[in-house]
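Participant: Take a look and give me a structure for this.
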Amino acid sequence: MRIVFFGSAPIGFPLLETLLNSAKDDVVAVVTQPDRPAGRKQKMTPCPVKVLAQERGLTVLSPEKVKDSLPELTALNADLFVVVAYGQYIPSSVLSAPAQGAINFHPSLLPKYRGSSPIQWTVANGDTITGVTILYVSEKMDAGDIILQRELPIGPNDTSETLEPVLAAAGAELLMQAVEQIRTGTVRRIPQDDDAATEVCKLTKDDGRLDWTLPAETLRNRIRGFTPWPGCFCVLPDGQNLKVLKASVERQNGSPGEVLDVSGAGPLIATGEGALRLLEVLPSGKRVMDGASYLRGYPLAAGSRLT
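Facilitator: A predicted model of the protein is given here:
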């Protein structure tokens with residue numbers, strides 16, 4: 001089949017690569033977001049999906065608004081559009097261009113976690129099961145008919161960063177199965193149960209602020225889910241921000257935000273239920289360090305308070 005791939009985020013890279021390695025399909029073009037400023041020098045940088053497409057000599061479209069590329073997309077005479085973390089609303093005028101419609105990869109077990117940042121929120125909410133879904137693209141975000149799903153476990157020490165490549169690999173396998181079913185006319189469409197749907201919004205920096213009135217386990221899960229973006233942080237007694245990259249839960253109690261202990265593997269901070277040991281941190285303007293090293297270089301008094 002003639003396929004046009006829409007994708008911008010790094011999670012799309014392995015799915016595009018898998019499609020490109022298929023002997024049965026022909027990826028005729030790739031559509032990405034426009035190049036964006038990145039790094040300290042804010043240099044205009046293409047996304048990894050675009051780099052791969054250019055390396056393979058593919059036609060690449062990077063419109064500010066995808067509807068502006070409708071003439072070019074129509075001229076490609078595609079059988080199928082495949083959408084993976086493209087990052088832009090695709091109107092029905094574009095979705096109706098290919099003969100077989102458009103399908104999407106979503107890294108959750110839909111209808112749970114529709115919307116942006118499903119991996120981060122799945123981990124942050126302490127779920128132990130996640131998965132991937134291949135579905136038809138619909139006007140409403142992530143609400144189209146399901147083609148295939150696969151469950152995957154979330155380990156107690158998994159983070160959104162460690163989970164993403166696992167989900168991408170599973171998604172690539174499932175995508176190829178779905179494409180084969182569409183090619184052979186054996187695809188089944190399973191409507192989603194809208195009553196069971198949950199939605200998550202795009203993460204902002206404020207989502208990473210640690211609320212010490214929450215239970216320690218909840219905060220640990222948020223650190224697992226929100227690292228590296230948006231990153232979890234608290235405010236030190238001197239007003240400086242401290243990013244927390246890794247933490248463990250201990251059974252001690254105190255006033256939320258109170259520094260209970262400044263020995264051992266890192267500062268121990270009281271929460272709404274239990275306490276959180278800060279095992280890996282990033283002080284403002286400094287390098288990442290373990291909690292013990294932080295205590296040696298940045299004295300923090302027991303009884304002081306983090307906010």
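
Participant: what's near enough to touch Ala99?
Facilitator: By CB atoms under 8 Å, 6 or more residues apart in numbering, the contact set of Ala99 is Ala78, Asp79, Leu80. Where C-beta positions appear, they are placed from N, C-alpha and C, glycine not excepted.

Participant: Weed out the non-buried ones from these.
Facilitator: Ala78, Asp79, Leu80 (16 or more other CB atoms under 10 Å).

Participant: Strands - which of the contacts of Ala99 land there?
Facilitator: Among the contacts of Ala99, DSSP state E puts Leu80 in strands.

Participant: Now render the contacts of Ala99 as TSV, adding distance to Ile90 and pLDDT.
Facilitator: Below are the contacts of Ala99 laid out as TSV (distance: CB to CB, whole Å; pLDDT from 0 to 100):
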residue	distance to Ile90	pLDDT
Ala78	13	98
Asp79	17	98
Leu80	14	98
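
Participant: From the contacts of Ala99, pick the one nearest Pro256.
Facilitator: Leu80 (52.3 Å; CB to CB).

Participant: Not counting its neighbours along the chain, what's nearest the closest one?
Facilitator: Gln100 (4.5 Å; CB to CB, 6 or more residues apart in numbering).

Participant: hang on, isn't the one you found packed against Met1?
Facilitator: Yes - between Gln100 and Met1 there is a contact at 7.2 Å, judged by CB atoms under 8 Å.

Participant: re the thing from before, now the contacts of Ala99 in JSON lines, with distance to Ser248?
Facilitator: Shown next, in JSON lines, are the contacts of Ala99 (distance: CB to CB, whole Å):
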{"residue": "Ala78", "distance to Ser248": "50"}
{"residue": "Asp79", "distance to Ser248": "51"}
{"residue": "Leu80", "distance to Ser248": "47"}
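
Participant: thinking again about what came up before, pLDDT score for the residue nearest to Leu80?
Facilitator: pLDDT for Gln100: 97.

Participant: how many other residues sit next to it?
Facilitator: When neighbours are defined as other CB atoms under 10 Å, Gln100 has 18 of them.

Participant: What residues does Asp127 make contact with?
Facilitator: Residues in contact with Asp127 (CB under 8 Å, 6+ apart) are Ile154.

Participant: Look up how far Ile154 lies from it.
Facilitator: 6 Å (CB to CB, to the nearest Å).

Participant: Pop the domain breakdown of the chain in here.
Facilitator: Annotated domains of the chain cover 2-199, 205-297 [automatic domain parsing].

Participant: Tell me how far the shortest one lies from the chain's centre.
Facilitator: It refers to domain 205-297. With CA atoms, centre = their mean, to the nearest Å as the basis, domain 205-297 stands 22 Å off its chain's centre.

Participant: distance between the ends of it?
Facilitator: 27 Å (CA to CA, to the nearest Å).

Participant: Look up the pLDDT of Phe81 for me, please.
Facilitator: Listed pLDDT for Phe81 reads 98.

Participant: quick one: contacts for it?
Facilitator: Phe81 neighbours (CB under 8 Å, 6+ apart): Ile3, Val4, Phe5, Phe6, Val94, Leu95, Ala97, Pro98, Gly101, Ala102, Ile103, Val137.

Participant: same for the longest helix seen in the chain, what does it pack against?
Facilitator: What stands out as the longest helix in the chain, according to DSSP state H, is helix 160-184. For helix 160-184, the packing partners by 3 or more CB pairs under 8 Å, 6 or more residues apart in numbering; DSSP states H and E come out as helix 12-20, strand 80-84, strand 102-106, helix 118-124, strand 129-136, strand 146-153, helix 216-226.

Participant: Please work out the average pLDDT along it.
Facilitator: 98.

Participant: orientation of that helix relative to helix 216-226 in degrees?
Facilitator: Using axes from the mean of the first three to the mean of the last three CA atoms, to 10 degrees, the direction of helix 160-184 lies 60 degrees away from that of helix 216-226.

Participant: Give me the helices and strands touching the helix or strand of the chain with the lowest mean pLDDT, please.
Facilitator: Each helix and strand of the chain was given a mean pLDDT (mean pLDDT, DSSP states H and E); the minimum falls on strand 36-38 at a mean of 83. When contacts are defined as 3+ CB pairs under 8 Å, 6+ apart, strand 36-38 sits against strand 43-45.

Participant: Identify the neighbouring strands of the strand it packs on in the sheet and state each direction.
Facilitator: In its sheet, strand 43-45 lies beside strand 36-38 (antiparallel), with partners assigned from DSSP bridges.

Participant: gap between the partner strand and the chain center?
Facilitator: So, by CA atoms, centre = their mean, the centroid of strand 36-38 is 19 Å from its chain's centroid.
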